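> Sequence and predicted structure below; questions after.
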Amino acid sequence: MVFRRTDGGLAVGQLRREMDRLFGDFFGPGGTAQAIFPARGFPALNIWEQGDALLAEAEVPGVKPEDVDVSVVGAELVIKGHRGGGQPDGVSYHRRERGVGEFSRTVRLPVEIDADKVSAKLQDGVLRITLPKATAVKPRKIEVNAG
Amino acid sequence: MATETTFEKQADEPTSAERTRSGQFFRPNVDIVEQGDELVLVTDLPGVKPSDIDVHFEDGELSIHGRVQPRAADAKEFLLAEYGVGDFYRTFRVSEQIDATKIHADYNSGVLTLHLPKVEAIKPRKIAVQVS
């Protein structure tokens, strides 16, 4: 079986079904997120569907709201930003695990997004982006009339 | 231009005591620097509320526990799942002599900064040798 993955890495439906078939229910009861795809950059992303919107979440501790830039064009989500907070020169590091600097992440979403209605919230280092689907792709309930 | 930093979130097992809460937990990334007369420990604890952080220092062992409220619990199917959500926990053995009463911490946008002041150096004591 051949998976076609775009750069952002969403071959989702098919891959997900295949994973489920191979390994059972990966996400466990209650939908607790477990890392299943290795992160393809910083920040790592979780994206899920909720009704008429997609929700994207990233852990970006230490990033100030003014230092992160979220944009959506069509079905492409771009998260750019900068994490500062490096220590001044001359101090000696015993451990250094926290990355600093510029980051940029582009993900192709499986549906078109209504870019005007996208909202993002940053709280305690967690960025949550609400991506309402474009009207054209929202499911439309068709009344079935008795003939 | 854009330097990508890939620090993957690591799941971990508790080193000694068992926890009373089940579920996966994670090893937070830290920076530790020595700055003048103190150690400064900077830890990433995204998604942890300030009131949900426990820091303990006893017998030279420092433990950091950040409880994380479940997020995305309403999600049925993930389109992309690159990290897990769960508590953060990590312990350190601090070899420096730390003045436990002067440890202080602050927390801002998911980052905990701990200041661990060293005990003032014991003054060298000159021992006089008596000639008998």
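Right, received. Where do you want to start?
> Tell me the buried residues in stretch B:112-120?
Neighbour-count burial for stretch B:112-120 flags B:112, B:113, B:114, B:116, B:117, B:118 (criterion: 16 or more other CB atoms under 10 Å in any protein chain shown). Using the backbone N, CA and C atoms, a C-beta is placed for each residue, glycine as well.
> Got phi/psi on the closest residue to chain A within chain B?
Residue nearest to chain A within chain B (CB to the nearest CB): residue B:110, separated by 1.7 Å. With angles defined as degrees, to the nearest 10, residue B:110 sits at phi 80, psi 10.
> neighbours around it, how many?
24 (other CB atoms under 10 Å in any protein chain shown).
> quick one: contacts for it?
Contacts were defined as CB atoms under 8 Å, 6 or more residues apart in numbering or on different chains; by that measure residue B:110 touches A:59, A:60, A:61, A:62, A:124, A:125, A:126, B:44, B:45, B:46, B:47, B:48.
> can you redo those residues as TSV with neighbour count and secondary structure?
Formatted as TSV, those follow (neighbours: other CB atoms under 10 Å in any protein chain shown; DSSP: H, G, I helix; E, B strand; the rest coil):
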residue	neighbour count	secondary structure
A:59	24	strand
A:60	24	coil
A:61	25	coil
A:62	20	coil
A:124	21	coil
A:125	21	coil
A:126	21	strand
B:44	26	strand
B:45	28	coil
B:46	28	coil
B:47	23	coil
B:48	27	strand
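> export those to CSV and tack on pLDDT and distance to residue B:26?
Output for these, formatted as CSV (pLDDT from 0 to 100; distance: CB to CB, whole Å):
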residue, pLDDT, distance to residue B:26
A:59, 94, 10
A:60, 95, 15
A:61, 95, 12
A:62, 93, 16
A:124, 95, 15
A:125, 95, 13
A:126, 96, 13
B:44, 95, 10
B:45, 96, 10
B:46, 96, 10
B:47, 95, 10
B:48, 95, 11
